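>>> below is the sequence, then the predicted model.
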Amino acid sequence: MPRKPPTSSPAGSRSSPPPVSRFRLRVTRGEAIAVGPGKVALLEAVERTGSITAAAKDLGMSYRRAWLLVDEVNHALREPAVESTKGGEGGGVSRLTPTGRRMVELYRGIERTAASACKADMARLVALLARD
């Protein structure tokens, strides 16, 4: 059964933002996501902040969740993506390994290539969406 478009919007409400299309590449191993957009964003945040704790805070997730995701990535790859040193006075430091940096570069490059190759089709798909 087709979805009925809304007949009116509440008084004073703003129109919804324009649609945006984007690729959400995931590499799975069985049911587990070995590489995906959340894990790549976390690795980028670790690189930017130098800390899993700060990266978690930056992304609005718990430290435990961030640590588990980093651990999953590290175990999914042949070599770890993140290496951490235990903290002293200033706390620990985490940084991406060359493998981690390469994974992020490849992932973002694949996204750019796919978006470029499909740009016209994506625009046609977005044009099919209902308007406010």
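Received the coordinates, thanks. Small disclaimer: the values here were computed from a predicted structure and weren't measured.

>>> what about the longest helix in the protein?
Identified as the longest helix of the chain according to DSSP state H is helix 98-117.

>>> contacts for it, please.
By Cβ atoms under 8 Å, 6 or more residues apart in numbering, the residues outside helix 98-117 that reach it are 22-23, 25, 35, 40, 43-44, 47, 73, 77-82, 96, 122. (C-beta placed from N, C-alpha, C; glycine too.)

>>> just the ones of the residues you listed in strands?
Counting by DSSP state E, the contacts of helix 98-117 place 35, 82, 96 in strands.

>>> just those now: which is nearest R64?
V82 (15.4 Å; Cβ to Cβ).

>>> so that closest one is in contact with V93, correct?
No: at 10.7 Å, V82 does not count as touching V93 under the criterion of Cβ atoms under 8 Å.

>>> so which of these two has more stuff around it?
V82 (23 against 13; other Cβ atoms under 10 Å).

>>> and the residue lying closest to the more buried one once chain neighbours are set aside, what is it in contact with?
Using Cβ to Cβ, 6 or more residues apart in numbering and skipping residues adjacent in sequence, the residue nearest V82 is V70, 5.0 Å away. By Cβ under 8 Å, 6+ apart, V70 lies in contact with 42-43, 46, 52, 81-82, 94.
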